[in-house]
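Student: below are the sequence and a predicted model for it; my questions follow.
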Amino acid sequence: MMDIWKYSDTGMNLRDYFAAAALTGLLANSYNDAINKPLSLATRLDIAEMAYAQADVMLLERERTTAASSEAKEKT
């Protein structure tokens, strides 16, 4: 069994926050086109992996737009 208190003192990082937001959306939908099956047939691990995969994409996009914004400011 997983130790639920293992991470209690470390808090959430931005990746965890984004994954939690993605998880909310995933659980609100009954069908997931990315895996072409009802989400009810996905395992809990599948759903967690999807949430963190989305969080990783969100972090990459955040980096990209931050870099683009910095470059634009330097040109002005």
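Tutor: Looks like it arrived, so ask away. Numbering: from 1, shown residues only.
Student: need the three-state assignment for residue 20.
Tutor: Secondary structure, DSSP: H, G, I helix; E, B strand; the rest coil: residue 20 is helix.
Student: what is the neighbour count of it?
Tutor: 12 (other Cβ atoms under 10 Å). (C-beta placed from N, C-alpha, C; glycine too.)
Student: quick one, phi psi at residue 43?
Tutor: Residue 43 has phi and psi values of phi -80, psi 160 when expressed as degrees, to the nearest 10.
Student: also residue 15?
Tutor: phi -60, psi -40.
Student: all strands of the protein, in order?
Tutor: Secondary structure of the chain, counting by DSSP state E: strands at 31-32, 37-38.
Student: lowest average pLDDT across those?
Tutor: Ranked by mean pLDDT, those bottom out at strand 31-32, with a mean of 60.
Student: grab the most central residue of this protein for me.
Tutor: Central residue of the chain (Cα atoms, centre = their mean): residue 55, 2.3 Å from the mean position.
Student: that one and residue 69, how far apart?
Tutor: From residue 55 across to residue 69, the span is 21 Å (Cβ to Cβ, to the nearest Å).
Student: ok, residue 26 next?
Tutor: On the measure of Cβ to Cβ, residue 26 and residue 69 end up 29 Å apart.
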